[in-house]
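> Pasted the sequence and its predicted model underneath.
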Amino acid sequence: MRKNPARWLAAVATVLLGTAIARAADWPTWGRTMERNMVSPETGIIDDFVPGRFKGNTEEIDTATTRNVKWVAKLGSQTYGNVTVANGRVLIGTNNESPRDPKNVGDRGILLCLDEKTGKFLWQLAVPKLGTGKVSDWEYLGLC
């Protein structure tokens with residue numbers, strides 16, 4: 001199994017941003033509110049973190065080696081866009097390079113829903129690729 005640090009760093013950043021913001025209020029939309037001012041009312045946000053090390057020859061992070069990280073979740077190989085945090089849930093778009101459902105194999109866009117407190121997988125929406133034609137749907141791009 002090949003280790004992909006970028007995939008794990010995206011997951012760690014998601015957790016850091018999602019949990020820091022969610023303490024004061026949900027961030028349910030682009031820009032946090034309908035005014036889209038991108039300002040969080042939170043204070044005391046951490047300014048550094050240690051993403052941790054892999055356990056042995058696996059793709060699993062040893063959480064004992066992290067600092068200022070609440071939990072870690074493995075995402076696909078490409079993840080774009082912003083995390084959405086609302087009602088105790090963390091939603092993020094990625095691709096299907098780390099499949100969680102054997103019914104959905106191959107290149108798909110994935111919307112993951114994780115528990116805000118634990119990072120536990122709750123559900124996913126798998127979106128099939130667009131057919132060929134006038135619209136480009138790049139391989140393994142995922143959902144953003």
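Sure thing, it's come through.
> what are the ranges of the helices in this protein?
Secondary structure of the chain (DSSP state H): helices at 5-22.
> all strands of it, in order?
53-54, 61-62, 84-86, 89-95, 108-115, 121-128 (DSSP state E).
> Among these, which one carries the weakest average confidence?
Sorting these by mean pLDDT places strand 84-86 lowest, at a mean of 89.
> And that one, what does it pack against?
helix 5-22, strand 89-95 (3 or more CB pairs under 8 Å, 6 or more residues apart in numbering; DSSP states H and E). Any C-beta I mention is one placed from the backbone N, CA and C, and that applies to glycine too.
> lowest-confidence stretch among the ones you listed?
helix 5-22 (a mean of 52).
> Looking at the strands of the chain, which is nearest to residue 137?
Residue 137 lies closest, by CB to CB, to one member of these: strand 108-115, at 8.8 Å.
> tell me the angle the closest one makes with strand 121-128.
160 degrees (axes from the mean of the first three to the mean of the last three CA atoms, to 10 degrees).
> buried ones in strand 108-115?
108-112, 114 (16 or more other CB atoms under 10 Å).
> With distance to residue 69 as extra columns, can I get those residues in TSV?
Shown next, in TSV, are the buried residues of strand 108-115 (distance: CB to CB, whole Å):
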residue	distance to residue 69
108	28
109	26
110	22
111	23
112	18
114	14
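> out of the residues you listed, which one sits closest to residue 98?
residue 110 (8.9 Å).
> Name all residues that make contact with the closest one.
Under the criterion of CB atoms under 8 Å, 6 or more residues apart in numbering, the contact list for residue 110 reads 76, 93-96, 104, 124-127, 142-143.
> at 7 Å what do you get?
Going by CB atoms under 7 Å, 6 or more residues apart in numbering, residue 110 touches 76, 93-96, 124, 126, 142-143.
> and those residues as JSON lines, adding distance to residue 51 and neighbour count?
Below are those laid out as JSON lines (distance: CB to CB, whole Å; neighbours: other CB atoms under 10 Å):
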{"residue": "76", "distance to residue 51": "17", "neighbour count": "25"}
{"residue": "93", "distance to residue 51": "21", "neighbour count": "23"}
{"residue": "94", "distance to residue 51": "17", "neighbour count": "29"}
{"residue": "95", "distance to residue 51": "21", "neighbour count": "22"}
{"residue": "96", "distance to residue 51": "23", "neighbour count": "23"}
{"residue": "124", "distance to residue 51": "23", "neighbour count": "18"}
{"residue": "126", "distance to residue 51": "27", "neighbour count": "17"}
{"residue": "142", "distance to residue 51": "21", "neighbour count": "24"}
{"residue": "143", "distance to residue 51": "23", "neighbour count": "21"}
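> Many thanks, we can stop here.
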